[in-house]
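Q: Sharing a sequence plus its predicted fold:
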Amino acid sequence: MFGLAYILFFAVYLAVSIFVIRWAVRHAKKRGKNAWLWGGVSAFIMYNLVFWDWLPTVAAHKYYCSTEAGFWVYKTVDSVEGRESGATEALMKYPDAPSETQYFDGGYGVTHTYTLNSRFHVLDTQQDALYPLSLIRSELSLEDSKTGMVLARFVDFGTGNSIKDFSGMPLKFWLHTGSCNGGDLYKSKFFHFSDEFENMKGGERTQ
């Protein structure tokens, strides 16, 4: 259904654009103006009415992926405070990953908190990075609830709908990019790393 609607929209828009450009050319010729200039300006305007943000979004996505995206480990399981003393033996696991959601920045950002066990949690934050361009910054961070220390972090960028205006399928599907190059691999590494902390000598939760 959506595919058919897009095809119909672009067919109508293309027909309207051709009509506007041809009208501008004829109008310019009648008045002794530069027909190429008027036709080019008309084509530029019709293009940018829909595609104005395509090139800036592609350029911004490439820039932020190359400068800010990646996966970082700051502390491993073996170096967590309290592990040597056996304090982590008392950890309780939460297999259902209870979570809470908090919006910020006027709704242009959201953070989901997932509790792994009685000591560690993951923050999943998504935020419009360059509004009104549809560039979305995603960050996963593994935190020690006891010390507040960030143990690992994964940052990625995608393009699509705004966080505030998200409605499922991007309205401008040609802008949709899931992640940076290598993003899926780094994300997998992050979750594998966080699993080590979730399962770190913690007893299963009792009902």
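A: Great, that's in hand.
Q: thought residue 101 was touching residue 109?
A: No - using Cβ atoms under 8 Å, residue 101 is not in contact with residue 109; the gap is 11.3 Å. C-beta: built from backbone N, CA, C; applies to glycine.
Q: Between those two, which is the more surrounded one?
A: The residue with more neighbours, out of residue 101 and residue 109, is residue 109; 18 against 9, by other Cβ atoms under 10 Å.
Q: any idea how far residue 102 is from that one?
A: 9 Å (Cβ to Cβ, to the nearest Å).
Q: cool, and residue 173?
A: Distance, residue 173 to residue 102, by Cβ to Cβ: 29 Å.
Q: Quick check: pLDDT value at residue 14.
A: We have a pLDDT of 82 for residue 14.
Q: Now it: which helix or strand?
A: Element membership for residue 14, per DSSP states H and E: helix 2-30.
Q: Kindly report the same for residue 112.
A: Residue 112 belongs to strand 109-115, assigned by DSSP H and E.
Q: mean confidence for that strand?
A: For strand 109-115, the mean confidence score works out to 92.
Q: who does it touch, helix- and strand-wise?
A: Here strand 109-115 touches strand 99-104, strand 120-128, going by 3 or more Cβ pairs under 8 Å, 6 or more residues apart in numbering; DSSP states H and E.
Q: ok, and which of these has the densest surroundings?
A: strand 120-128 (a mean of 19; mean count of other Cβ atoms under 10 Å).
Q: which ones are touching residue 80?
A: Applying Cβ atoms under 8 Å, 6 or more residues apart in numbering, we find residue 80 in contact with 88, 144, 151, 197, 200.
Q: what pLDDT does it get?
A: Per-residue confidence (pLDDT) for residue 80: 76.
Q: any idea how far stretch 174-190 is from the chain center?
A: Here stretch 174-190 is found 9 Å from its chain centre; the criterion is Cα atoms, centre = their mean, to the nearest Å.
Q: Which residues belonging to it are considered buried?
A: 175, 177, 179, 180, 183, 186, 187, 190 (16 or more other Cβ atoms under 10 Å).
Q: Give me the residues contacting that stretch.
A: Residues contacting stretch 174-190 (Cβ under 8 Å, 6+ apart): 51, 53-54, 57, 61, 65, 69-71, 134, 138, 140, 142, 152-154, 156-160, 170.
Q: Find the nearest non-adjacent residue to residue 128, please.
A: Distance criterion Cβ to Cβ, 6 or more residues apart in numbering; nearest residue to residue 128, sequence neighbours excluded, is residue 108 at 4.3 Å.
Q: Check whether that neighbour really touches residue 132, as I assumed.
A: No - judged on Cβ under 8 Å, residue 108 makes no contact with residue 132 at a distance of 10.4 Å.
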